[in-house]
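J.: Below is the sequence, then the predicted model.
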Amino acid sequence: METSAPDDAHTIATTARHRPTQDSSAPPNSDVAEPLDLVTVPARQGLEAVDILRRAAEPAVGPVMHDGACDTLGFLVPPGTADGWDMPGSACTQTSGRGLRIPAEPPGSGSGWLLPPDDTDAVTDPEVLREALGEAARLIEAADNCR
């Protein structure tokens, strides 16, 4: 479900460039039980959120992808996150059972890993991500208002 905020100077817009495709879906016999959802945000907000998540007492960020133009970042989150995602300025792609699994190479041509997957297969907790994205948006707004 994609959400958007009213269009004003402080709204951070996004494009969902990391939509799942047949190419990024794992075969039916994959050893990963469930597909993952993907939260996409503008790169500036995403980079701030990554910093916030990595500085936490317990670092809480999973794999993060970027698009080829580095306009957006995509956070891998647990399946079903899209059902309740309502963070303005971001989008969460519901994979409907054919979506992303943690691949060795990021899906989609021109994309890459900002933070590659590790051996734990941990993904970012959606509630923790929501808080970090909110804090990142407030930091960006404060920085922009200081100019």
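T.: Happy to help now that I have it.
J.: now the helices: where do they sit in the chain?
T.: All helices of the chain, identified by DSSP state H, fall at 43-55, 126-145.
J.: and Leu36, which of these is closest to it?
T.: helix 126-145 (11.2 Å; Cβ to Cβ). C-betas here are computed from N, CA, C, even on glycine.
J.: So which other helices or strands are in contact with the closest one?
T.: If contacts are counted by 3 or more Cβ pairs under 8 Å, 6 or more residues apart in numbering; DSSP states H and E, helix 126-145 sits against strand 37-42, helix 43-55, strand 72-77.
J.: Tell me the buried residues in the longest one?
T.: If I follow you right, that is helix 43-55. Ala43, Arg44, Gln45, Gly46, Leu47, Glu48, Ala49, Val50, Ile52, Leu53 (16 or more other Cβ atoms under 10 Å).
J.: Also stretch 130-147?
T.: Using 16+ other Cβ under 10 Å as the test for burial, stretch 130-147 gives Arg130, Glu131, Ala132, Leu133, Gly134, Ala136, Ala137, Leu139, Ile140.
J.: separation between Arg55 and Pro35?
T.: 30 Å (Cβ to Cβ, to the nearest Å).
J.: Could you dump the helices and strands packed on helix 126-145 into CSV and include distance to Gly84?
T.: Below are those laid out as CSV (distance: least, Cβ to Cβ, whole Å):
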stretch, distance to Gly84
strand 37-42, 11
helix 43-55, 18
strand 72-77, 11
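J.: Adding mean pLDDT and distance to Asp125 as columns, could you present these in JSON lines?
T.: Converted to JSON lines, the helices and strands packed on helix 126-145 look like this (pLDDT from 0 to 100; distance: least, Cβ to Cβ, whole Å):
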{"stretch": "strand 37-42", "mean pLDDT": "95", "distance to Asp125": "11"}
{"stretch": "helix 43-55", "mean pLDDT": "96", "distance to Asp125": "9"}
{"stretch": "strand 72-77", "mean pLDDT": "94", "distance to Asp125": "8"}
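J.: just so I know, which of these lies nearest Leu115?
T.: Leu115 lies closest to helix 43-55 among those, at 7.0 Å (Cβ to Cβ).
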